[in-house]
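Asker: take a look and give me a structure for this.
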Amino acid sequence: MPADLTYTVRRSDRARSVRVRVEHDGEVTVTLPRRARDREAAAAVRELRPWIDRRVADAAAARAAIPREPGTVPYLGGSLRLVEQPGRTRAHRRGDLLLVPAADPDQRAAIERWFRRAARAEVLPRLDAAAAAIGRPYTRLTIRDQRTRWGSCSATGAIAINWRLLLGPEEVLDYVIWHEACHLAVMDHSQRFWALLARHLPGYEQPRAWLRRSAPALAL
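Answerer: Predicted coordinates for the structure are as follows:
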């Protein structure tokens, strides 16, 4: 096993095969079934090394797309500085500061809950405006937490938006909102759909390309 690649081995009672995952921060994790031998992890990493190297490089490029100073979290193209307060259980924004609990894991959980609340406040008026412009109502807005899916629109008009979009540029959030709002009128990705999106959001190609390229960076 090459010495320049480190990885973490985890065991799972639910795993039926060896799984290799490259996290957004470039960490490589190998999940083994409970009774698998340790050498199976090394064998999997050797076999998948070219893919792992590509994913690690992609993760590094994605992180570079959202520069982060220590003690801050990104927010729609800017950043909020974390201020730890002992005894606090709920994150609260005060200008460019985000007041958070002092201890992990309470801090991380509180920050994620705050982002969910902030996402609803950011998305709701934008979605209302987009649906009104398109002339099609939506039935419900749900804020979700997914790793790779950024939005969805059901046949009943229920729209879901991923709170992690707040970690990226504002225009990327707008793109996803308009994308899903356009599905209220056109459910597929036909030429008619893209023409509708271009009419309401000229230049959508740029934030779309950013999201495809830098999505791994959208994680705390």
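Asker: how about the strands of this structure, start to end?
Answerer: For the chain, the strands defined by DSSP state E cover 8-12, 19-22, 28-33, 72-75, 78-85, 92-94, 97-101, 140-144, 151-153, 158-162.
Asker: residues in contact with stretch 55-63?
Answerer: 22-26, 28, 213-217 (CB atoms under 8 Å, 6 or more residues apart in numbering). All C-beta atoms are positioned from the backbone trio N, CA, C, and that covers glycine.
Asker: buried set for it?
Answerer: Of the residues in stretch 55-63, those with enough neighbours to count as buried (16 or more other CB atoms under 10 Å) are 55-56, 58-59, 62-63.
Asker: do stretch 117-126 as well
Answerer: The neighbour-count check on stretch 117-126 (16+ other CB under 10 Å) flags 118-119, 122-123, 126 as buried.
Asker: how about stretch 80-92?
Answerer: 80, 82, 88, 91.
Asker: and stretch 33-44, by the same measure?
Answerer: 33, 36, 41, 44.
Asker: distance of the third one from Leu141?
Answerer: Which is Ala41. 42 Å (CB to CB, to the nearest Å).
Asker: pipe the buried residues of stretch 55-63 into TSV and attach distance to Thr8 per row.
Answerer: Output for those, formatted as TSV (distance: CB to CB, whole Å):
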residue	distance to Thr8
Arg55	15
Val56	14
Asp58	19
Ala59	15
Ala62	20
Arg63	19
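Asker: nearest to Pro137 among those residues?
Answerer: Using CB to CB, Ala62 comes nearest to Pro137 of these, at 35.3 Å.
Asker: check Pro63 and give its pLDDT.
Answerer: Not Pro; residue 63 is Arg. Arg63 is assigned 74 on the pLDDT scale.
Asker: run a quick neighbour tally on Glu171.
Answerer: 15 (other CB atoms under 10 Å).
Asker: by mean pLDDT, which helix or strand of this structure comes out lowest?
Answerer: In the chain, the helix or strand scored least confidently by mean pLDDT, DSSP states H and E is helix 49-65, which has a mean of 83.
Asker: flag the shaky bits of the chain, pLDDT-wise.
Answerer: When the per-residue scores of the chain are filtered using pLDDT under 70, the ranges that remain are 1-3, 24.
Asker: if we use 50, what do you get?
Answerer: Low-confidence segments of the chain (pLDDT under 50): 1-2.
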